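K.L.:
Please work out how this folds:
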Amino acid sequence: MNNSNNQTSEKVEFNLFSEENSKDPFAMFAQMRAKGSVVPIPNPMGGAGQTWIVTQMDVAMEVLKDHSRFTVDMNSIDSGNDIRKNLSGELGSSEPQTFFTGKSMLFVDEPDHRRLRSLVSKAFTPRYMESLRPRVQEIADELIDQFEGKGEMDLVKDYAYPFPINVISEMLGIPQEDRPQIHVWSEAIAKGLGFGKQDPAVAQHLRSFAEYTSQLVANKRIEPSDDLISQLIAIEEEGDRLNEDELISMITLLIFAGHETTSNLIATGSYLLLTHPEQLEQLKQDLDLVPSAVEELLRYNGPATSSGPRYATQDTELDGQLIQKGDVVIPLLKSANRDEQQFTDPEELDIERKIKRHLAFGHGIHMCLGAPLARVEGDVAFTTLLRRLPDIQLSIPQEEIHWHSALSSQGLAALPVKF
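P.N.:
Alright, predicted model coming up:
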């Protein structure tokens, strides 16, 4: 449905970064949707240019798939409203390149995006991910073995974090002893990097992460093994179209995205089930509903709050709203997934909901590469947790749960449970 007549050029002062909204942003998202599908907000990084939030699903999908009018590559736009330019300036041009500073498939469109993504896409097909299921199941059981007899745990620290990082680390060939440090970097980056945040400590974490990846690649060149990093190095050395900066960027992205978002899915999904006891009981009675439940948990409160920013390549109209060349357009995924025009009772959690589509993994060519892996991990993680700890419950009051968030992501700091 077109909402052109609802659009307004009035600048609405929605505070996306307040403590209250970071805990529960959905009331604010509903207010934004009521204002229209394309809502102006103050520039999160200051400076010239306008920033627009896209609140509804159809319009968000339009932005995410229209690469002629909206690009992820800020370098192709002469604009004063460059969010990543601010970060690049903090890092300095001599610093190691990372997936945040432009050598990544996150920040290029076709044909470069297709070239970069094709190098790793074969390792992330649904068929290959399913072939990993036995080992993924072993990792889940090994983790629960460690705390099953204790009667309590922090579900974030003891399960939601180590589960996906062990899976992606085994795929990539990351040594066991390095994984805790990777988590420190990733958590700091996820908390401190986002629109409206300028944490100077993030630059150091980015540098350390990139330096680690660079050394990891150097070690794999000397001693290759049967892992994805060694495969990517072999492709590069065969003269394919992957240079050193792109290689390091790709691997850093796979390490970070391969566990951070899935960790949030498992932790947030567990919290949602524990605070919706009827849904939890229904799921425990029929674990065959877990794949359906995973999709609903992704829709209801997925790990990614927004997609990465898009930059208008020209003056254009978006659902009745004039967007000027260089303006930043940010599809708000969590708002689109609660779109009243797309879902019946979207504010209700329903693990049996028949979902035709959601935007938790994005849309278009930049849709999350790891979606098949996240679905397998989510299926195994929730099934194993409820099968082995069927009486699991929160061990602190719900109002004491602490969230950390930016515009781009949201996650739980901790989730104390008992069983």
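K.L.:
a helix runs through Pro291, doesn't it?
P.N.:
Yes: Pro291: assigned to a helix according to DSSP: H, G, I helix; E, B strand; the rest coil.
K.L.:
Pull the number of nearby residues for the closest residue to Gly364 other than its chain neighbours.
P.N.:
Computed as CB to CB, 6 or more residues apart in numbering, the closest residue to Gly364 that is not its neighbour in sequence is Lys65, at 3.9 Å. All C-beta atoms are positioned from the backbone trio N, CA, C, and that covers glycine. Around Lys65 there are 13 other residues, counting by other CB atoms under 10 Å.
K.L.:
Against Cys368, how distant is Lys65?
P.N.:
With the distance defined as CB to CB, to the nearest Å, Lys65 ends up 15 Å from Cys368.
K.L.:
need the strands for the stretch 101-250 of the chain, in chain order.
P.N.:
152-154 (DSSP state E, counting those that start in this stretch).
K.L.:
shaky segments in it?
P.N.:
For the stretch 101-250 of the chain, applying pLDDT under 70 flags the ranges 101-103, 191-200, 236-242.
K.L.:
element containing Asp345, please.
P.N.:
Asp345 is part of no helix or strand, with elements assigned from DSSP states H and E.
K.L.:
change the start of the numbering to 22 and stick with it
P.N.:
All right, first residue 22 from here; so that's Asp366.
K.L.:
Return the distance of it relative to Val238.
P.N.:
Applying CB to CB, the value for Asp366 to Val238 is 49 Å.
K.L.:
returning to what we had before: is it correct that the residue nearest to Gly385 is in contact with His387?
P.N.:
No: contact criterion CB atoms under 8 Å: Lys86 and His387 do not qualify, at 9.2 Å.
K.L.:
which secondary structure element contains Pro61?
P.N.:
Assigned by DSSP H and E, Pro61 falls in strand 59-62.
K.L.:
Any idea how far that strand is from the middle of the chain?
P.N.:
Its chain's C-alpha centre lies 22 Å from the corresponding centre of strand 59-62 when counted by CA atoms, centre = their mean, to the nearest Å.
K.L.:
Which helix or strand lies directly C-terminal to that strand?
P.N.:
Assigned by DSSP H and E, the successor of strand 59-62 is strand 72-75.
K.L.:
and stretch 334-351, average pLDDT?
P.N.:
Stretch 334-351 shows a mean pLDDT of 95.
K.L.:
Restrict that stretch to CA atoms and write it as PDB.
P.N.:
Provided in PDB are the C-alpha atoms of stretch 334-351 (Å, rounded to 0.1, in the frame of the first residue of the first chain):
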ATOM      1  CA  THR A 334      22.500   8.500  -5.900                       C
ATOM      2  CA  GLN A 335      20.100  11.100  -7.300                       C
ATOM      3  CA  ASP A 336      17.200  13.300  -6.400                       C
ATOM      4  CA  THR A 337      14.400  10.900  -6.200                       C
ATOM      5  CA  GLU A 338      10.900  10.200  -4.700                       C
ATOM      6  CA  LEU A 339      10.400   7.400  -2.200                       C
ATOM      7  CA  ASP A 340       6.800   6.600  -1.500                       C
ATOM      8  CA  GLY A 341       5.800  10.300  -1.900                       C
ATOM      9  CA  GLN A 342       8.800  11.800  -0.100                       C
ATOM     10  CA  LEU A 343      11.500  13.800  -1.900                       C
ATOM     11  CA  ILE A 344      15.000  12.400  -1.200                       C
ATOM     12  CA  GLN A 345      17.900  14.400  -2.300                       C
ATOM     13  CA  LYS A 346      21.100  13.100  -3.800                       C
ATOM     14  CA  GLY A 347      23.500  12.200  -0.900                       C
ATOM     15  CA  ASP A 348      20.800  11.800   1.700                       C
ATOM     16  CA  VAL A 349      21.200   8.800   4.000                       C
ATOM     17  CA  VAL A 350      18.300   6.300   3.900                       C
ATOM     18  CA  ILE A 351      18.200   3.600   6.600                       C
END
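K.L.:
counting contacts, what elements does the helix or strand encompassing Leu319 pack onto?
P.N.:
Taking DSSP H and E as the definition, Leu319 sits inside helix 311-322. When contacts are defined as 3 or more CB pairs under 8 Å, 6 or more residues apart in numbering; DSSP states H and E, helix 311-322 packs onto helix 281-295, helix 298-306, helix 392-409.
K.L.:
again, only using 7 Å
P.N.:
Packing partners of helix 311-322 (3 or more CB pairs under 7 Å, 6 or more residues apart in numbering; DSSP states H and E): helix 281-295, helix 392-409.
K.L.:
and the angle for it with helix 392-409?
P.N.:
Orientation check (axes from the mean of the first three to the mean of the last three CA atoms, to 10 degrees): helix 311-322 against helix 392-409 gives 110 degrees.
K.L.:
what's the average pLDDT for helix 311-322?
P.N.:
98.
K.L.:
Also compute the angle for it relative to helix 281-295, please.
P.N.:
Put simply, helix 311-322 runs at 100 degrees to helix 281-295, going by the same axes, to 10 degrees.
K.L.:
Residues in contact with helix 311-322: which ones?
P.N.:
Contact with helix 311-322 is made by 286, 289-290, 293, 304, 355, 358, 370-374, 376, 379, 381, 396, 399-400, 403-404, as judged by CB atoms under 7 Å, 6 or more residues apart in numbering.
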